[in-house]
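*Asks:* predicted structure and sequence below. I'll ask about it afterward.
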Amino acid sequence: MSIKVENLTKIYGEQRAVDAVTFEAKKGEVLGFLGPNGAGKTTTMKIITCFIPQTSGAAEVCGFDTSTNSMEVRKRIGYLPEHNPLYKDMYVKEYLDFVAGIHKVSNKKNRVNEMIEITGLEKEQKKQINALSKGYRQRVGLAQAMLHDPEVLILDEPTSGLDPNQLIEIRNLIKELGKEKTVVFSTHIMQEVQAICDRVLIINKGKLVADDSIDALQNIVKGESIVTVEFVEKSNEKLLSNIPKVKRVVAKNERKWELSTSLEHDIRADIFRFAVDNNLTIIEMKKEVSSVEDVFQKLTN
């Protein structure tokens, strides 16, 4: 596992900012880390990246313990904090060259040019960082996080301040990076989660309340699997109740119906066979799912 966290706890005075959090993340996975403000996301990321120590529990990155091998952990992590710390009096290319030197990057010049191209900073590379918009500063932060080609990327609100076109570009970049690296990123933009993530962690009041794929979480919130089907012809509740595994039938009108079953079943094939057997023509059939916003609100309220 690229990241392994076990019973991680951080206490400030009487407040448990992180409370016995346990999860793993493997290579080739994009992990969305969600939670309300103050839930413990940033604190967890700071512990994994060796910025602060935990009170108890353990965190490992690529097999190295964050408490006892922090320098080895730092070599393997690229980190973009929530508040992007940049030397604003430096020029973009100058700053990236400086960071590459700290990481002792081989073929420094080519690597800096590659990061400038990947993050779309070509036109801004000769500008002072102080003169950049917030969106372009975020790009500089992403470039520095990736300069040393780390195995793990920790990104805290990486798309903050980006315009819609920049959002799409950075989302695509994160998704591409996730094919070869482990990417953990925090966001409040639910569309990003749906577009990018393989898996989602949701933390609330310091506790991990969800760890699953988006599809699984969307079904769990509803508590049952629901399929809406519309026929050309009229049908009736009694007839539809005979479809195998159907637990509940709700009429939207005489042609449109909502059929419910348990989470482990997918009844769409059974509905299709039912329609054929009863000379009914299906004009629409879809499996209903909760939105990511519904999932988030259900688990954090």
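*Replies:* Perfect, I can see it now. Residues are numbered from 1 along each chain as shown.
*Asks:* low-confidence ranges in the protein?
*Replies:* 219-223 (pLDDT under 70).
*Asks:* mind listing the strands in the chain by residue range?
*Replies:* All strands of the chain, identified by DSSP state E, fall at 3-12, 15-25, 29-34, 56-61, 64-65, 77-80, 152-156, 182-186, 199-204, 207-212, 225-231, 248-251, 256-261, 282-288.
*Asks:* mind checking those strands for the one nearest to residue 90?
*Replies:* strand 77-80 (17.2 Å; Cβ to Cβ). Quick note: C-beta positions are derived from backbone N, CA and C, even for glycine.
*Asks:* just checking, what packs against that closest one?
*Replies:* helix 134-146, strand 152-156 (3 or more Cβ pairs under 8 Å, 6 or more residues apart in numbering; DSSP states H and E).
*Asks:* list of residues touching it?
*Replies:* 45, 48-49, 61, 138, 141-142, 144-148, 150-156, 158 (Cβ atoms under 8 Å, 6 or more residues apart in numbering).
*Asks:* reformat the strands of the chain as JSON lines; add distance to residue 274 and mean neighbour count.
*Replies:* Formatted as JSON lines, the strands of the chain follow (distance: least, Cβ to Cβ, whole Å; neighbours: other Cβ atoms under 10 Å):
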{"stretch": "strand 3-12", "distance to residue 274": "46", "mean neighbour count": "18"}
{"stretch": "strand 15-25", "distance to residue 274": "42", "mean neighbour count": "19"}
{"stretch": "strand 29-34", "distance to residue 274": "38", "mean neighbour count": "24"}
{"stretch": "strand 56-61", "distance to residue 274": "52", "mean neighbour count": "19"}
{"stretch": "strand 64-65", "distance to residue 274": "56", "mean neighbour count": "16"}
{"stretch": "strand 77-80", "distance to residue 274": "52", "mean neighbour count": "23"}
{"stretch": "strand 152-156", "distance to residue 274": "47", "mean neighbour count": "24"}
{"stretch": "strand 182-186", "distance to residue 274": "43", "mean neighbour count": "25"}
{"stretch": "strand 199-204", "distance to residue 274": "34", "mean neighbour count": "22"}
{"stretch": "strand 207-212", "distance to residue 274": "31", "mean neighbour count": "18"}
{"stretch": "strand 225-231", "distance to residue 274": "9", "mean neighbour count": "20"}
{"stretch": "strand 248-251", "distance to residue 274": "12", "mean neighbour count": "14"}
{"stretch": "strand 256-261", "distance to residue 274": "10", "mean neighbour count": "19"}
{"stretch": "strand 282-288", "distance to residue 274": "10", "mean neighbour count": "13"}
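*Asks:* let's have these in TSV, adding distance to residue 86.
*Replies:* Output for these, formatted as TSV (distance: least, Cβ to Cβ, whole Å):
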stretch	distance to residue 86
strand 3-12	26
strand 15-25	26
strand 29-34	23
strand 56-61	24
strand 64-65	27
strand 77-80	11
strand 152-156	15
strand 182-186	19
strand 199-204	27
strand 207-212	32
strand 225-231	48
strand 248-251	55
strand 256-261	52
strand 282-288	45
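*Asks:* which among those is found nearest to residue 239?
*Replies:* strand 248-251 (9.2 Å).
*Asks:* that closest one pairs with which strands?
*Replies:* According to DSSP bridges, strand 248-251 forms sheet pairs with strand 256-261 (antiparallel).
*Asks:* for the partner strand, give me every contacting residue.
*Replies:* By Cβ under 8 Å, 6+ apart, strand 256-261 touches 224-231, 235, 237, 240, 243, 245-252, 267, 271, 288.
*Asks:* then stretch 100-118?
*Replies:* 75, 92-93, 96-97, 121-122, 125, 143-144, 146-149, 173.
*Asks:* break this protein down into its domains, please.
*Replies:* 3-218, 220-300 (automatic domain parsing).
*Asks:* for these, which one ends up most surrounded?
*Replies:* domain 3-218 (a mean of 18; mean count of other Cβ atoms under 10 Å).
*Asks:* mind putting the helices and strands packed on strand 77-80 into JSON lines with distance to residue 18?
*Replies:* What follows is those, written out as JSON lines (distance: least, Cβ to Cβ, whole Å):
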{"stretch": "helix 134-146", "distance to residue 18": "22"}
{"stretch": "strand 152-156", "distance to residue 18": "15"}
